[in-house]
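1. sharing a sequence plus its predicted fold:
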Amino acid sequence: MRPSAVSTSASAIPADTAPMPPEPDDAIPTNALMTPTTVPSRPTNGALATIGATAPFVGLLGTAVGVITAFQGIAATGAGGLGAVSGGISEALVETALGLVVAIPAVWMYNYFTGRLEYFNVEMDNSSSELVDYFIKKTA
């Protein structure tokens, strides 16, 4: 009986030769290690973003109210003198300043916390990648 080509080529491989280990990508499926989770990315920054975005408009509203008051002063006196408009202009400037006093720190805090959360996110990604690599090397 003549040996087949398959049996001849299979016998040419020494028996003590171990098979090649699988590549790390093939060893453990990624979806078995990581399950998708949904975590709110910015749980505390929503309020700060809203305050920072709307406070200038509150200041603008105060400016409009102050200008209206100034025009009412002009209408009441019948003249456009300094005494007639100064109260309204003062009110407009105070409201504008208050809007900015609220908006600027809110935007600063928003940017600070967003940066901290982004840093934390990157650190968590790096740590999880290192942990996955460790387990892949441990099982190989």
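-> On my side now, so go ahead.

2. tell me where the protein has helices.
-> For the chain, the helices defined by DSSP state H cover 5-11, 24-27, 30-33, 45-77, 82-139.

3. deepest-packed of those helices, please.
-> Ranked by mean neighbour count, the helices of the chain are led by helix 45-77 with a mean of 15 (mean count of other Cβ atoms under 10 Å). (Glycine included, C-beta is placed from N, CA and C.)

4. sorry, back to before: tabulate the helices of the chain in CSV, adding columns for mean pLDDT.
-> Below are the helices of the chain laid out as CSV (pLDDT from 0 to 100):
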stretch, mean pLDDT
helix 5-11, 46
helix 24-27, 50
helix 30-33, 50
helix 45-77, 85
helix 82-139, 89
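
5. mind listing what residue 76 touches?
-> Neighbouring residues of residue 76 by Cβ atoms under 8 Å, 6 or more residues apart in numbering: residue 84.

6. change the start of the numbering to 363 and stick with it
-> Shifting the count to begin at 363 puts that one at residue 438.

7. how close does the residue lying closest to residue 432 once chain neighbours are set aside get to residue 470?
-> Sequence neighbours aside, residue 450 is the residue nearest to residue 432 in space, at 2.7 Å (criterion: Cβ to Cβ, 6 or more residues apart in numbering). Residue 450 sits at a distance of 31 Å from residue 470 (criterion: Cβ to Cβ, to the nearest Å).
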